[in-house]
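**Q** got a structure for you, letters missing:
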């Protein structure tokens, strides 16, 4: 069973997602995607499997999104994908790939929908929000 996270250690959401994966007893393959971005076809496939549009997978904050003119609604998916491959920081994060599916885990607890193992104990996000109780159940 392989679980892969496209991770940015500078991102709190990404760190929380990784911690939730580990709280399920899984040590995932960790790809720091800014240094090792997915290829164009892999990125396109992950976006599609996550049920997103290419534009929906773009990150704006803290990226060259505006200066590259990516807010132009006439840009085609191919142009947006090219920008994401050239500037991986534009890829929203974290994407998680498991045997149960692919998700863009924003918020981090979205990962619980695709983990093949249950949570093994309580989990509290870095900001103090409790998302898993002592019995390993998701707090809604």
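**A** That came in fine, so what should we check first? Everything numeric in this text was worked out from a predicted model, so none of it was measured. Numbers count the residues shown, from 1 in each chain.
**Q** contacts only, for residue 59.
**A** Residue 59 makes contact with 65, 89, 90, 91, 92, 93, according to Cβ atoms under 8 Å, 6 or more residues apart in numbering. No exception for glycine: its C-beta is placed from N, CA and C like everyone else's.
**Q** same thing but 6 Å
**A** 90, 92 (Cβ atoms under 6 Å, 6 or more residues apart in numbering).
**Q** go on, residue 15?
**A** With contact set as Cβ under 6 Å, 6+ apart, residue 15 has no partners.
**Q** distance of it from residue 5?
**A** 10 Å (Cβ to Cβ, to the nearest Å).
**Q** what's the answer for residue 29, then?
**A** The value you get for residue 29 to residue 5, if Cβ to Cβ is used, is 7 Å.
**Q** which of those two has more neighbours?
**A** Remark: of residue 29 and residue 5, residue 5 carries more neighbours, 25 against 11, as counted by other Cβ atoms under 10 Å.
**Q** report pLDDT for the more buried one.
**A** At residue 5, the model reports a pLDDT of 98.
**Q** so it sits in a helix?
**A** No: according to DSSP: H, G, I helix; E, B strand; the rest coil, residue 5 belongs to no helix; its state is strand.
**Q** what pairs with it across the strands?
**A** residue 30, residue 96 (DSSP bridges).
**Q** show me where the chain has its helices.
**A** Along the chain, the stretches classed as helices by DSSP state H are 12-23, 40-49, 77-86.
**Q** just name the most buried of those.
**A** Compared across the helices of the chain, helix 12-23 shows the largest average neighbour count, a mean of 21 (mean count of other Cβ atoms under 10 Å).
**Q** report the buried residues of stretch 60-77.
**A** Buried residues in stretch 60-77, counted by 16 or more other Cβ atoms under 10 Å: 63, 65, 68, 70, 75.
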